[in-house]
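> Below is the sequence, then the predicted model.
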Amino acid sequence: MRENWLVVGLGLSGYWGARLVLERENPFSLTVCEGSPTLEKEAKARELKAMCENKGCHFEVIWAPEPKGWKGIDKILISPGVPYSLPWLKAAREMGVEVMGEMELAFRHTKAPVIAITGTNGKTTTTALLAHILNSAGLKAWAGGNIGDPLAHFVLSKEERDWIVLEVSSFQLEAISEFHPKVAMLLNIEEDHLDRYPSMAEYAEAKGKILINIEPQDRVVANSDDPLVMEIVKECPAALLTFGYSQTPPFPLMRIEGSRLIFKGERLKELAELTFQERINLSNLMAAVLGAYAVGLQPEVALSAIWDFQWQPHRVEVVHKKSGITFVDDSKATNPSAVKHALTALDSPIILLLGGRNKGFRFSPLLPVLAKKAKRVLIFGEAAKEIGEDLKRSKVELSLHSSMADAVKEAVKMAQPGDTVLLSPGCASFDEFGSYAERGEAFRALVKEMA
């Protein structure tokens, strides 16, 4: 049966989702809805139109945030940036229209088993690290999803893999129904995306959807230190593989005990044997090793594969050293929980650069860790006054700056040998920059120029 499809969003997910609809679903008509035209999106629309004409399929593009109606539409495919809870999508579902995300559709056309990784922080690093471990051990793994390359693109490539390792966001999980990973991994659930979710409970609920189709023969990797994660997995029928720092029973399967990495109660590695990046990514490392264990690799084999892994940039990355001062780029830290992680991971006195565009967070929870780890906090960007107000009770000296460049200039001026200048903004980048990566590269260039 040929159906009428509506694709909402023409970014990477929307484009490859539309391609998948055309090549695997054989629609009667394809309508694409996108908020506003750009040269790139207009080119994609023309390409989709040409494909439709070749297949005898009617094509239409609507340059608007949403269609005026969905009369005659059978199925709607949404991009992750389109909330599943929008009133018009809810109304469409009530009228019997199936609404799904690109990842859900692509999964229905996937042959290889899936490892799905979600969490507020660390999921990109863990996804890339786990795929590296599997490939190093001779298993063919593809990594993608929220990490950059949509699953629909992989499906259309017709490549063969033993495992698909997917970074999965809460946005993607909102719109699933049949999505069923053989290994589901929950790293942490902390405050984030409160500009999209009315409450932490609803954010956690979206994350928890990763388990809706889990069966007893599957595996679940979970952070035993995170109460929200453990609440979500407590009724899970699958075998539970836990990691964490707990020093009291019940001990996680993999944990840190003093200076050692422990697996099933036995020493696996001395932390002194690990590199700087491995030590500051211990939670991600433990999760990835357990993910590999879930598919049959022993932890010793997984750890032996890490030595040549290229760690993701802009995540507590040392970008410059000069006159005994270390400059660290953690631009990917776009929420206060990630800032706390970076502060905790570093040992030296820290000059912290904080700011950008706030995503609805309060920064006062950082006060205790700032008191222990920071010698100065330089707050910049659109949210500077708001953050400054949140931190006004801090015993650490604060200063407000109009831009990141001004904050960097002040940090370089005041830093002393032994200090670490840390960019860990806790905010989105969009007041000054197009992405967190652009912000991180700007920081790297500024410190090399000024230091």
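Now that the structure is in, tell me what you want to look at. Residues are numbered from 1 along each chain as shown.
> CA atoms for contacts and neighbours, from now on please.
Noted.
> Once you drop chain neighbours, what's closest to Leu343?
Lys373 (6.4 Å; CA to CA, 6 or more residues apart in numbering).
> which parts of stretch 163-183 are buried?
When neighbours are counted by 16 or more other CA atoms under 10 Å, the buried residues of stretch 163-183 are found to be 163-177, 179-183.
> which ones among the residues you listed are found in strands?
When DSSP state E is applied, the buried residues of stretch 163-183 are split such that Trp163, Ile164, Val165, Leu166, Glu167, Val183 fall in strands.
> Just give me the closest of these to Asp347.
Of all these, Glu167 has the smallest distance to Asp347: 29.9 Å, by CA to CA.
> Can you verify my assumption that Ala407 contacts Val377?
No: Ala407 is not in contact with Val377 according to CA atoms under 8 Å; the separation is 9.4 Å.
> residues shared between the contacts of those two?
Shared contacts of Ala407 and Val377 (CA atoms under 8 Å, 6 or more residues apart in numbering): Leu353.
> number of nearby residues for Pro87?
10 (other CA atoms under 10 Å).
> Repeat that for Ile280.
Counted with other CA under 10 Å, Ile280 comes out at 19.
> Lys413 too?
Lys413 has 11 nearby residues by other CA under 10 Å.
> which stretch of helix or strand covers it?
helix 404-414 (DSSP states H and E).
> cool, and Thr326?
Per DSSP H and E: strand 325-329 holds Thr326.
> Can you name every helix or strand that that strand contacts?
Contact partners of strand 325-329 among helices and strands, from 3 or more CA pairs under 8 Å, 6 or more residues apart in numbering; DSSP states H and E: strand 317-322, strand 420-423, helix 436-450.
> give me that answer again for 10 Å
strand 317-322, strand 350-355, helix 404-414, strand 420-423, helix 436-450 (3 or more CA pairs under 10 Å, 6 or more residues apart in numbering; DSSP states H and E).
> Now render these as a markdown table, adding distance to Glu159 and mean pLDDT.
Formatted as a markdown table, the helices and strands packed on strand 325-329 follow (distance: least, CA to CA, whole Å; pLDDT from 0 to 100):
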| stretch | distance to Glu159 | mean pLDDT |
| --- | --- | --- |
| strand 317-322 | 33 | 95 |
| strand 350-355 | 42 | 98 |
| helix 404-414 | 43 | 97 |
| strand 420-423 | 39 | 98 |
| helix 436-450 | 29 | 97 |
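> so who does Glu23 touch?
If you count contacts by CA atoms under 10 Å, 6 or more residues apart in numbering, Glu23 has them with Gly17, Met51, Cys52, Lys55, Leu156.
> 6 Å - rerun?
Not one residue lies near Glu23 by CA atoms under 6 Å, 6 or more residues apart in numbering.
> Of the ones in strands among the buried residues of stretch 163-183, which is the nearest to His320?
Closest approach to His320 among those (CA to CA): Glu167, at 29.5 Å.
> For the one helix or strand in the chain whose mean pLDDT sits lowest, which residues meet the burial criterion?
Within the chain, no helix or strand scores below helix 276-280, which has a mean of 90 by mean pLDDT, DSSP states H and E. The neighbour-count check on helix 276-280 (16+ other CA under 10 Å) flags Gln277, Glu278, Arg279, Ile280 as buried.
> one step back: tell me which of the helices and strands packed on strand 325-329 sits nearest to Ala43.
helix 436-450 (24.8 Å).
> how about the closest one: buried residues?
Tyr436, Ala437, Arg439, Gly440, Phe443, Arg444, Leu446, Val447.
> model confidence over the longest helix seen in the chain, on average?
Ordering each helix of the chain by length in residues (DSSP state H) puts helix 39-55 first. In this model, helix 39-55 has an average pLDDT of 96.
> Packing partners of the helix or strand just after it?
The helix or strand immediately downstream of helix 39-55 is strand 58-63, counting by DSSP H and E. Where contact means 3 or more CA pairs under 6 Å, 6 or more residues apart in numbering; DSSP states H and E, strand 58-63 is packed against strand 29-34.
> can you list the weak-confidence ranges in the chain?
Across the chain, nothing is flagged by pLDDT under 70.
> Show me it divided up by domain.
4-104, 110-308, 317-450 (automatic domain parsing).
> residues touching Arg161, list them.
Taking CA under 6 Å, 6+ apart as the test, what Arg161 contacts is Lys140, Ala141.
> Checking it next. Helix, strand or coil?
coil (DSSP: H, G, I helix; E, B strand; the rest coil).
> quick one: it and Thr126, what's the gap?
19 Å (CA to CA, to the nearest Å).
> Quick check: closest non-adjacent residue to the residue lying farthest from the centre of the chain.
Distance from the C-alpha centroid of the chain, by CA atoms, centre = their mean, peaks at Gly56 (38.6 Å). Leaving out its chain neighbours, the residue that sits closest to Gly56 by CA to CA, 6+ apart is Phe28, at 7.9 Å.
> Please determine how far the one you found is located from Ala152.
For Phe28, the distance to Ala152 equals 20 Å [CA to CA].
> Please say which of those two ends up with more neighbours.
It is Ala152, of Phe28 and Ala152, that has more neighbours when counted by other CA under 10 Å, with 29 against 17.
> where does the closest residue to the more buried one other than its chain neighbours fall, helix, sheet strand or coil?
Computed as CA to CA, 6+ apart, the closest residue to Ala152 that is not its neighbour in sequence is Ala106, at 4.8 Å. Three-state call for Ala106 (three-state DSSP): helix.
> Ala106 and His153 touch, don't they?
No: contact status for Ala106 versus His153: not in contact, 8.5 Å apart, counting by CA atoms under 6 Å.
> Can you tell me the strand partners of the helix or strand where Ala116 lies and which way each runs?
When elements are assigned from DSSP H and E, Ala116 belongs to strand 114-118. With DSSP bridges as the test, strand 114-118 is paired with strand 163-167 (parallel), strand 183-186 (parallel).
> Turn those strands into CSV, columns for distance to Ile73.
CSV is the format used below for these (distance: least, CA to CA, whole Å):
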stretch, distance to Ile73
strand 163-167, 30
strand 183-186, 33
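> what's the closest of those strands to His401?
strand 163-167 (35.0 Å).
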